[in-house]
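Enquirer: Curious how this folds, go ahead:
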Amino acid sequence: MKRKGIVFLLLLLLNNILLHTQSAATADSSYIIVLNQQVDDLVVKQDTITLDKIYASDFVFSHGSGKIEGKKGWFRSVAKGSFISRHHDSVTVELHPAMAIVRGKLAVQKRNAAKTDRYHLNYIRVYAYREKQWQLVSHITTAEFHEPS
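Expert: Here you go, the predicted model:
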């Protein structure tokens with residue numbers, strides 16, 4: 001009888017650990033989705049001071065055009081202030097220990113000298129948990145679609 005009670009308690013403890021792990025993973029996924037949109041809201045606001053804390057020092061941006069740049073080059077583009085809006089859709093998060101792979105779609109409105117460009121991206125982003133926070137390590141545009149002018 002005593003053995004059954006210990007087994008029951010161990011199973012109950014194991015179940016609680018699994019439930020806690022699952023809910024923690026869900027909370028992390030939700031947090032990453034919110035952070036992912038926040039990053040692009042900060043890009044529109046040109047808030048490179050806050051972005052500097054979120055983007056990893058070794059961040060790499062692979063554009064749909066084939067251009068590849070690092071954090072400094074991307075921040076120069078952000079500082080120009082030409083982005084009107086950047087909104088995410090269909091975002092999914094694949095969690096791993098200290099890493100999150102994010103897939104989604106991004107609708108962008110960007111002002112240039114003559115007109116407003118509107119385009120849509122499919123992307124993969126990688127976030128790493130470093131220095132006690134999530135940091136954006138990589139953005140890869142996998143497809144890009146421009147709306148007619």
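
Enquirer: is it true that residue 51 lies in a strand?
Expert: No - applying DSSP: H, G, I helix; E, B strand; the rest coil, one finds residue 51 to be helix, outside a strand.

Enquirer: gap between it and residue 44?
Expert: If you measure residue 51 against residue 44 using Cβ to Cβ, to the nearest Å, the figure is 11 Å. Every residue, glycine included, has its C-beta placed from N, CA and C.

Enquirer: For the residue nearest to the spatial centre of the chain, I want the exact helix or strand it lies within.
Expert: With distances taken as Cα atoms, centre = their mean, residue 36 lies nearest the centre of the chain, 3.6 Å away. Applying DSSP states H and E as the criterion places residue 36 in helix 2-44.

Enquirer: sorry, back to before: the residue nearest to the centre of the chain against residue 89, yeah?
Expert: No - assessed by Cβ atoms under 8 Å, residue 36 is found out of contact with residue 89, at 11.3 Å.

Enquirer: where in this structure is pLDDT low?
Expert: Along the chain, the model assigns pLDDT under 70 to residues 1-27.

Enquirer: Right, I'll call it a day here.
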